[in-house]
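Q: Kindly return the folded structure for what I paste below:
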Amino acid sequence: MKFSSIAHDGFLWLESIVIMKSAKRSLALATLLLVPALCFAETPETVPAVAAPTPKTKTKEPDAVTKLLERLGEEATVPEAGADPATYIDDEKFQDELTTRLIDLAKKNKCLASSDIQKLLLSRKTCQLSLPPPSTKALTPEEVYERAAQSVMVLCSIQALDDDPGEWEGGRTATAWALTEDGVMITNRHVFEDLKDERFGVANLKGEVFPVIDILAASTQTDIVVFRVAGKGFTPLPLSRDEKIASWVGVLSHPGSQFFSFTQGFVTRYTKTNENGRTERWMSITADFASGSSGAPVLNKYGAVVGIATTTENIDSNEGLDENGDIEETPRKPVAKDEDLADNPEYPINRPSSVQMVVKSTIPSRVILELIRKK
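A: Residues are numbered from 1 along each chain as shown. Next comes the predicted model:
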């Protein structure tokens, strides 16, 4: 604090300049203090001059501007050089390493044989589990993804080669997620349909692979299967009840082997169908998913699962059809800028589509809970 004084009309004007700094900004506050200037008044020589009393300074609460600047200084953060919040995934490398590790587990007889899987799918209808309770704290989409990424798995298989006994090759890919800490997972039952000589395993975002070792419950009607993998210390996702129509949802899955893709959307409707005496219940959403997403969790804003991604259905128009009702095969212009690609026979031809909308149907959480009895 700096002071300067000006004597005028028997009073002393004290000009104070207060400099306050916070973060990278400064705030200057100027005040004028008016005090009696007795020391400057003319007095008789016999009367000693009386010194002006020193004003008492009072401690004041910081004003709103000062508080704001201090808060900005505390909250402002600068990312470190080279810091990058994104996690880049090499899909081809991830798939190759997953297949290699699963083949190694199969050769050591660590995986459940497909013949045993088929028997257990038919014999086990329900299971008893202790499930974690859902949270009541709303999360941001980033937080929903971060939590789900610890629980969602790549479910894949390897298939034995007919012409080379003892050797394996990559098979099918889907999505699964952890129900309990001790390795209980869930996905769609159709992932295990039409099995050949296959072995299954799951992989987390770190690339760690765990073999499928048991089937706990399965339902063809609801298209759900609960299974177990070897290992402990998994992060389970809680189950919640149905969300209201127009509620926000997110899906974390592996569409087209594009691993750990997060999409967002809303609940659009609930439907049920009755075919051959069997009732099916569905929750439709706008969050995208595709082949490879089967079994993926549909998450609400609290990070709890409210459904399982299961199937898609195209709504078509009659445009783009020839006189026989078939889709015309007139190629579109290539997206690439290189005009030479248009004449390249290896360049993929994009045919005109008659698809107007894709309906994405999921299994509601209440249907999932019918398969699981609480401990």
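Q: can we go C-alpha only for contacts and neighbour counts from here?
A: Noted.
Q: Would you mind checking the average pLDDT for the strand or helix carrying Q128?
A: Using DSSP states H and E, Q128 sits in strand 127-129. Strand 127-129 shows a mean pLDDT of 95.
Q: same check, this time on stretch 232-244
A: Taken as a whole, stretch 232-244 has a mean pLDDT of 95.
Q: And stretch 153-160, by the same measure?
A: 97.
Q: Send over that stretch as CSV, restricted to the C-alpha atoms.
A: The C-alpha atoms that make up stretch 153-160 are tabulated as CSV, following Å, rounded to 0.1, in the frame of the first residue of the first chain:
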residue,chain,number,x,y,z
MET,A,153,-15.3,-55.8,-22.1
VAL,A,154,-14.6,-57.0,-25.6
LEU,A,155,-16.1,-60.5,-25.8
CYS,A,156,-14.5,-62.6,-28.6
SER,A,157,-14.0,-66.1,-29.7
ILE,A,158,-11.3,-68.1,-31.5
GLN,A,159,-12.2,-71.0,-33.8
ALA,A,160,-10.3,-74.3,-34.4
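Q: Other residues contacting it?
A: 99, 102-103, 166-178, 196-205, 254, 259 (CA atoms under 8 Å, 6 or more residues apart in numbering).
Q: Ok, stretch 216-233 next?
A: Counting by CA under 8 Å, 6+ apart, residues outside stretch 216-233 touching it are 120-122, 124-127, 181-190, 201-202, 210-215, 278, 280, 363, 367-368, 371.
Q: Counting neighbours, which bits of it end up buried?
A: For stretch 216-233, the neighbour count (16 or more other CA atoms under 10 Å) marks 216-219, 222-230 as buried.
Q: Just the terminal-to-terminal distance for that stretch.
A: The first and last residues of stretch 216-233 sit 19 Å apart, counting by CA to CA, to the nearest Å.
Q: One more: stretch 291-309?
A: 10 Å.
Q: what's the answer for stretch 294-302, then?
A: Using CA to CA, one end of stretch 294-302 lies 22 Å from the other.
Q: Quick one: mean pLDDT over that stretch.
A: 98.
Q: Now do that stretch: everything it contacts.
A: Against stretch 294-302 from outside (CA under 8 Å, 6+ apart): 134-141, 144, 152, 174-177, 186-188, 191, 243, 247-253, 305-311, 362.
Q: The residues you listed, buried ones only, as a PyMOL selection?
A: The PyMOL selection below is limited to those of the contacts of stretch 294-302 classed as buried (16+ other CA under 10 Å):
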select buried, resi 141+144+152+174+175+176+177+186+187+188+191+243+248+249+250+251+252+253+305+306+307+308+309+310+311+362
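Q: Sitting in strands, which of the contacts of stretch 294-302 do you find?
A: 152, 174-177, 186-187, 248-253, 305-311, 362 (DSSP state E).
Q: Sketch out the strands for the stretch 151-300 of the chain, chain order is fine.
A: Counting by DSSP state E, counting those that start in this stretch, the stretch 151-300 of the chain has strands at residues 152-160, 168-178, 184-187, 198-203, 209-219, 224-229, 248-253, 261-275, 278-285, 297-299.
Q: F200 bridge partners, please.
A: Taking DSSP bridges as the rule, F200 bridges to S157.
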